[in-house]
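Colleague: Got a predicted structure plus its sequence, pasted below:
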Amino acid sequence: MKLLIIRHGESEADILSVHEGRADFNLTDKGHSQAQAMADYVSKNYSIDKIYASPLKRALQTATHLSEATGTPIVTNENLMEFNNGLIAGLSWEEADAKYPKVPSLPIHAAVYEQESKLEFRHRAEYILSKIISENSDDTTIAIVSHGGFINQLYQAFLQLPVVSGTFFSTGDTGIHEWLIKGQERYVIRADSLTHLAI
């Protein structure tokens, strides 16, 4: 099984410099252009069997570009949404820091400000990755369109790293990560490819 893990394009929150998370912003014009470039690249280089996407606008709009370019249906799943950042969603960085300061050494099972815990965040990634792998055959190519923070959690789950590993996998706007599963073996073929944006 081949998995293409794709981050959404630039969103309005990137321009406004606010906390996004569960705040539901649209793609910018640039974000739509990035998503179209990604979709054109994927359609020319892969044969996609199914697209899974977060229902948040920025991810779903990105997935729609891919769906239209490949003729592949989209399956939305709330487990692919970004970190539930609770009360800070949509707030400026300054306002969030003032109202809801970071709590040091918070246990992984605990949460503040109506957010989800680190453990709950990781559990969602484990759950949806297992679900996607189990409900598709070994010879399929699956695209997953999600968010930067959640893609990092998917990496942790895919590579079977500890919940708190100190490892972070970054991804740019419409970055493409290609993974391969062969039996019990898991391969990262490429990470955060932005080749399509240079074409």
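Modeller: Nice, I can see it. Numbering: from 1, shown residues only.
Colleague: Pull out the buried positions in stretch 52-65.
Modeller: Neighbour counts over stretch 52-65 (16 or more other CB atoms under 10 Å) mark 52-54, 56-65 as buried. C-beta here means a position set from N, CA and C on the backbone, and glycine is covered the same way.
Colleague: Burial check on L80, number of neighbours?
Modeller: The tally of other residues near L80 (other CB atoms under 10 Å) stands at 27.
Colleague: any weak-confidence spans in this protein?
Modeller: Along the chain, the model assigns pLDDT under 70 to residues 199.
Colleague: any chance you could map the helices in it?
Modeller: 12-16, 29-45, 57-70, 93-99, 118-134, 148-158 (DSSP state H).
Colleague: Please tabulate the ones you listed in JSON lines and include distance to I176 as additional columns.
Modeller: JSON lines is the format used below for the helices of the chain (distance: least, CB to CB, whole Å):
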{"stretch": "helix 12-16", "distance to I176": "19"}
{"stretch": "helix 29-45", "distance to I176": "7"}
{"stretch": "helix 57-70", "distance to I176": "10"}
{"stretch": "helix 93-99", "distance to I176": "28"}
{"stretch": "helix 118-134", "distance to I176": "17"}
{"stretch": "helix 148-158", "distance to I176": "11"}
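Colleague: nearest to I108, of the ones you listed?
Modeller: helix 118-134 (4.4 Å; CB to CB).
Colleague: With just CA atoms, put the closest one into CSV.
Modeller: What follows is helix 118-134, C-alpha atoms only, in CSV (Å, rounded to 0.1, in the frame of the first residue of the first chain):
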residue,chain,number,x,y,z
LYS,A,118,-1.4,15.0,23.8
LEU,A,119,-2.5,11.5,24.4
GLU,A,120,-6.0,12.1,22.8
PHE,A,121,-4.3,13.7,19.8
ARG,A,122,-2.0,10.8,19.3
HIS,A,123,-4.8,8.3,19.8
ARG,A,124,-6.8,9.9,16.9
ALA,A,125,-3.8,9.4,14.6
GLU,A,126,-3.3,5.8,15.7
TYR,A,127,-7.1,5.2,15.2
ILE,A,128,-7.5,6.7,11.7
LEU,A,129,-4.2,5.4,10.3
SER,A,130,-5.2,1.8,11.4
LYS,A,131,-8.7,2.3,10.0
ILE,A,132,-7.4,3.5,6.6
ILE,A,133,-4.9,0.8,6.3
SER,A,134,-7.3,-2.0,7.3
